[in-house]
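K.L.:
model this:
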Amino acid sequence: MTETLSFPALTETAVILTDTQREEVAMLAGELAGAASGVVDSAGWLAAARAASVRLPRQLLASVREFRHDAGPEGALLIRNLPVPGELPATPVRPGSVQRTATTAAGAVTMVMLQLGEVIAYRSEKSGALVQDVVPVPGQERQQSNAGSVRLHMHTENAFHRNRPDHVGLLCVRADPTGDARLCTASVRRALPLLSREARRTLSEERFLTEAPPSFGGSGSAPPPAHAVLRGVPEDPDVLVDFASTHPLDNGARRAMEELRAAFERTTHALDLAAGDLAVVDNRLTVHGRTSFTPRYDGTDRWLHRVYAVADHRRSRVDRQDGGSVLD
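P.N.:
Residues are numbered from 1 along each chain as shown. Purely as a prediction, here's the structure:
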């Protein structure tokens with residue numbers, strides 16, 4: 001069984017769509033199913049989704065815009081009652097599963113994320129698909145990845161990459177039948193007051209390395225540059241860390257990183273996502289992970305759609321061939 005963790009901040013302040021609003025989103029997603037032959041990764045479909053996103057229900061648009069302006073103390077937003085199909089196929093079990101064809105859920109999550117910035121993907125991850133499946137995969141249970149089912153360590157998404165996503169959206173299309181798999185988040189805004197002055201100073205210095213996973217060329221690639229874990233203004237910094245792949249360069253850095261880990265553990269929330277729940281994480285302020293669970297591999301396992309967004313699309317132009325949405 002998983003740890004007993006609370007998640008008051010997101011559930012109490014969640015944006016809960018009415019059934020009428022849910023149907024409005026479903027209608028827009030239905031229109032997208034016919035755009036550009038319903039090919040999610042095409043420029044034409046993405047342009048249609050961008051245009052449709054401004055027609056989302058007013059309450060939803062206002063909440064997403066406010067979150068984009070200031071992600072608040074938790075750095076996460078929960079949107080409930082988004083449309084997902086009532087009848088789903090079996091949860092995928094193959095490695096690298098993605099959504100190439102427009103569905104109600106794929107359209108809904110993409111439209112919301114486009115109100116936070118531009119949607120991106122990475123060529124070496126999930127074959128560059130814009131809408132990715134997060135599902136357990138047989139034989140990969142112990143991996144520190146979206147395909148695993150052991151506890152996933154808290155991390156900044158793609159912490160090693162110079163053009164990380166600013167926001168990560170996770171839409172639940174099928175809930176975990178065991179109730180054990182929970183999304184965990186922890187904000188640096190909550191953790192910072194728990195850190196000693198020495199730890200803050202050390203974490204703000206370039207005394208840490210974060211390795212790329214093998215799928216991104218981690219093995220045999222050039223050594224990553226040293227970086228700080230806390231970046232920006234000292235009183236309200238960004239955080240850049242992956243507790244599975246960030247390595248301190250000295251004993252002082254190791255102690256500071258352990259202090260940060262403890263602070264995150266004290267401020268971690270966990271959420272059992274239900275179908276139609278979209279959790280959006282500000283990847284600059286908040287780390288996320290997952291509790292452990294036991295997959296059944298019978299077609300009923302937990303199934304999420306993951307979509308990335310960046311606030312400054314121009315920043316990543318050097319990594320995007322032909323100006324598209326996929327980064328190298």
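K.L.:
quick one: the helices in this structure, in order.
P.N.:
Per DSSP state H, the chain carries helices over the ranges 8-12, 19-32, 43-53, 58-69, 104-114, 188-191, 197-203, 251-267.
K.L.:
of these, which stretch is the most buried?
P.N.:
Ranked by mean neighbour count under mean count of other CB atoms under 10 Å, the helices of the chain are led by helix 104-114, which reaches a mean of 26. In this view, the C-beta of every residue, glycine as well, is placed from N, C-alpha and C.
K.L.:
for the closest residue to residue 306 other than its chain neighbours, give me its contacts.
P.N.:
Take residue 306 and drop its neighbours on the chain: the residue closest to it by CB to CB, 6 or more residues apart in numbering is residue 132, 4.6 Å away. Taking CB atoms under 8 Å, 6 or more residues apart in numbering as the criterion, residue 132 is in contact with 97-99, 121, 125-126, 146, 305-307.
K.L.:
where's residue 132 relative to residue 237, distance?
P.N.:
29 Å (CB to CB, to the nearest Å).
K.L.:
again, but for residue 127
P.N.:
Taking CB to CB as the measure, residue 127 and residue 237 are separated by 34 Å.
K.L.:
ok, the nearest residue to residue 57 once chain neighbours are set aside to residue 36 distance?
P.N.:
The shortest distance from residue 57 to any residue other than its chain neighbours is 4.2 Å, reached at residue 21 (CB to CB, 6+ apart). Noted for residue 21: a distance of 26 Å to residue 36, by CB to CB.
K.L.:
for residue 299, same thing?
P.N.:
As it turns out, when the distance is counted by CB to CB, residue 299 lies 30 Å from residue 36.
K.L.:
these two: which has the busier surroundings?
P.N.:
residue 36 (17 against 13; other CB atoms under 10 Å).
K.L.:
circling back: out of the contacts of residue 132, which is most surrounded?
P.N.:
With neighbours taken as other CB under 10 Å, the top of the contacts of residue 132 is residue 307, carrying 28 neighbours.
K.L.:
ok now do that one, which residues does it touch?
P.N.:
Contacts here follow CB under 8 Å, 6+ apart; on that basis residue 307 touches 109-110, 113, 119, 130-132, 168-169, 171.
K.L.:
which strand residues bridge the residue nearest the centre of the chain?
P.N.:
The C-alpha lying nearest the average C-alpha coordinate of the chain belongs to residue 168 (CA atoms, centre = their mean; 2.9 Å). Going by DSSP bridges, residue 168 is paired in beta bridges with residue 281, residue 308.
K.L.:
so it makes contact with residue 286?
P.N.:
No - taking contacts as CB atoms under 8 Å, residue 168 lies outside contact range of residue 286: 9.1 Å.
K.L.:
distance check, the residue lying closest to residue 43 once chain neighbours are set aside against residue 84.
P.N.:
The shortest distance from residue 43 to any residue that is not its chain neighbour, by CB to CB, 6+ apart, is 6.9 Å, and that residue is residue 324. Going from residue 324 to residue 84 by CB to CB gives 28 Å.
K.L.:
ok, residue 328 next?
P.N.:
32 Å.
K.L.:
more neighbours, the two?
P.N.:
residue 84 (26 against 15).
K.L.:
ok, the more buried one - contacts?
P.N.:
Residue 84 sits next to 104-105, 108, 171-173, 275-276 when contact means CB under 8 Å, 6+ apart.
K.L.:
can you put those residues in a markdown table and add distance to residue 202?
P.N.:
As requested, the contacts of residue 84 are exported to a markdown table (distance: CB to CB, whole Å):
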| residue | distance to residue 202 |
| --- | --- |
| 104 | 48 |
| 105 | 43 |
| 108 | 42 |
| 171 | 37 |
| 172 | 37 |
| 173 | 42 |
| 275 | 43 |
| 276 | 42 |
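K.L.:
distance to residue 227 and pLDDT added to those, as CSV?
P.N.:
CSV is the format used below for these (distance: CB to CB, whole Å; pLDDT from 0 to 100):
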residue, distance to residue 227, pLDDT
104, 40, 97
105, 35, 98
108, 35, 98
171, 30, 98
172, 32, 98
173, 35, 98
275, 38, 98
276, 37, 98
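K.L.:
neighbours of residue 324, how many?
P.N.:
Around residue 324 there are 14 residues (other CB under 10 Å).
K.L.:
for it, phi and psi?
P.N.:
Recorded main-chain torsions at residue 324 are phi -80, psi -160, according to degrees, to the nearest 10.
K.L.:
and it, how far is that from residue 41?
P.N.:
The spacing between residue 324 and residue 41, counted by CB to CB, is 9 Å.
K.L.:
quick one: the strands in the stretch 101-250 of the chain?
P.N.:
If DSSP state E, counting those that start in this stretch is used as the criterion, the strands of the stretch 101-250 of the chain fall at 118-122, 132-134, 152-155, 167-174, 183-187, 208-210, 230-231, 238-239, 246-248.
K.L.:
fine by me, thanks again.
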